[in-house]
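In: Mind folding the following:
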Amino acid sequence: MTGPSVGVEGEARQPEGKAGGERAGILLAAYGPGALAADRALALFAQLARERCPGFAVRWAFTSERLRGRLAAGGRKTDSVGKALARMAFERYSRVAVQSLHLIAGTEYGALEEEVLAARERCALERVSLGPPLLYEASDIARAAEALFAHLPLERRPWEPVVFMAHGAGHGGGSAYAALETALKTAGAEQAGPILIGAVSGEGGLDTILERLGALEHAHAEKKVWLLPLLALVGKHAAEDMAGDKSGSWRNRIETAGFSCRTVLKGLVEYEGIAEIWLEHLNRALNELEFGERQI
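Out: Next comes the predicted model:
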């Protein structure tokens, strides 16, 4: 393994990270950036992790093979989780905390767990820990709901529905979306209009969302709906499939159903309250490396 890899937006990786007298690092694992705005959001989160975790080098790995291939075709070198951990072992890191920037314990997070387990067996690392995704425990869901509600658009009127578009899940991890929607109702304390969560794949898709919107009582002439991504990062997926002009986009289909639609392109990693949850999960993963209890 020769030559340095490049981090977000071409940022050279930190050459050294020491904690407890050992070379230790943090590996942030995200689906990957599909647009410049996502690159910038990742860079800001990485900087926040560096500030909170002095003494630890911070690296990135992207879990989407398709996205890594697209970046490689454009001349940008990125690592999978397994390759990043192998590289860190080669560079004589002894302990690494891997932090997931996924939302739920779904298919992608399951694949990440398997990759980390395989790396533990294959790489010469003394310890490797894994921080869970955003909506992992009931307390995470309650805090995420409060943060999302606090970050709703200021221009939105209380009665106007909000629709969040999520990726979806291939198995039971998707139940976290339903729990989050219920928690958002609590965070709104009945003073806000409906806040609905739909998924691109799996149950609760756009057809279901349109049915639910159609069943609402609209006391105002302008039937306005706010459409936001429930995604860690905003890239091509959100810009085209959610907010794009093509006939199958969520915005277009909501407008075809008779609503006016306002979109907001902002990823969850950019929300301060949401970032704090991921950072606390990272803190848990760092403590599992047995450097002694620490708080970030």
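
In: Excluding chain neighbours, what is closest to A97?
Out: Taking C-beta to C-beta, 6 or more residues apart in numbering, and ignoring the residues beside it in sequence, A97 has A285 as its nearest neighbour in space, at 4.0 Å. (C-beta placed from N, C-alpha, C; glycine too.)

In: S129 now?
Out: The shortest distance from S129 to any residue that is not its chain neighbour, by C-beta to C-beta, 6+ apart, is 3.8 Å, and that residue is E288.

In: how about the one you found, what does it touch?
Out: Applying C-beta atoms under 8 Å, 6 or more residues apart in numbering to E288 gives the contacts 97, 127, 129.

In: ok, and the most crowded of those?
Out: Each of the contacts of E288 was scored for neighbours by other C-beta atoms under 10 Å, and A97 scores highest at 27 neighbours.

In: Please enumerate residues in contact with the helix or strand that contains it?
Out: Per DSSP states H and E: A97 is located in strand 95-100. By C-beta under 8 Å, 6+ apart, the list of residues contacting strand 95-100 from outside reads 19, 22, 24-29, 49, 56, 61, 81, 85, 88, 109, 112, 116, 125-133, 278, 281-282, 285-286, 288-289, 291.

In: For A183, see how far away the most centrally placed residue in the chain is.
Out: Among the residues of the chain, the smallest C-alpha distance to the mean C-alpha position (C-alpha atoms, centre = their mean) belongs to A232, namely 2.7 Å. From A232 across to A183, the span is 18 Å (C-beta to C-beta, to the nearest Å).

In: you'd agree L228 is up against T263?
Out: Yes - taking contact to mean C-beta atoms under 8 Å, the distance of 7.4 Å between L228 and T263 places them in contact.

In: okay, those two: which has more neighbours?
Out: Shown here are L228 and T263; by other C-beta under 10 Å, L228 has more neighbours (25 against 21).

In: Tell me how far the nearest residue to that one once chain neighbours are set aside lies from K83.
Out: The shortest distance from L228 to any residue that is not its chain neighbour, by C-beta to C-beta, 6+ apart, is 4.8 Å, and that residue is V264. Distance, V264 to K83, by C-beta to C-beta: 35 Å.

In: coming back round to it: okay, the contacts of E288 in JSON lines with distance to W250 and pLDDT next?
Out: Conversion of the contacts of E288 to JSON lines gives the following (distance: C-beta to C-beta, whole Å; pLDDT from 0 to 100):
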{"residue": "A97", "distance to W250": "36", "pLDDT": "97"}
{"residue": "R127", "distance to W250": "43", "pLDDT": "92"}
{"residue": "S129", "distance to W250": "37", "pLDDT": "96"}
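
In: how many neighbours does M242 have?
Out: The number of residues packed around M242, counting by other C-beta under 10 Å, is 24.

In: what separates it from S249, distance-wise?
Out: Between M242 and S249 the computed distance is 6 Å (C-beta to C-beta).

In: Now, of the contacts of strand 95-100, which are buried?
Out: Under a neighbour-count criterion of 16 or more other C-beta atoms under 10 Å, the subset of those counted as buried comprises 19, 22, 24-29, 49, 56, 61, 81, 85, 88, 109, 112, 116, 125, 128-133, 278, 281-282, 285-286, 289, 291.

In: could you pull out the strands for the stretch 151-296 of the chain?
Out: Listed in chain order, the strands found in the stretch 151-296 of the chain under DSSP state E, counting those that start in this stretch are 162-168, 195-201, 224-229, 260-263.

In: how about those strands in TSV, adding distance to A43 and mean pLDDT?
Out: Below are the strands of the stretch 151-296 of the chain laid out as TSV (distance: least, C-beta to C-beta, whole Å; pLDDT from 0 to 100):
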stretch	distance to A43	mean pLDDT
strand 162-168	22	91
strand 195-201	26	90
strand 224-229	19	96
strand 260-263	24	96
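
In: show me what contacts the closest residue in space to A176 that isn't next to it in sequence?
Out: For A176, the nearest residue in space outside its immediate sequence neighbours is L135; the separation is 4.0 Å by C-beta to C-beta, 6+ apart. Taking C-beta under 8 Å, 6+ apart as the definition of contact, the neighbours of L135 are 103-104, 141, 144, 176-177, 179-180.

In: which one among those gets closest to I274?
Out: The shortest approach to I274 among these belongs to A144, at 6.1 Å (C-beta to C-beta).

In: need the contact list for the closest one.
Out: Residues in contact with A144, defined by C-beta under 8 Å, 6+ apart, are 134-135, 180, 183, 273-274, 277.

In: Tell me how far it lies from T182.
Out: Using C-beta to C-beta, one obtains 12 Å as the distance from A144 to T182.

In: same check, this time on E211
Out: Distance of E211 to T182, computed by C-beta to C-beta: 19 Å.
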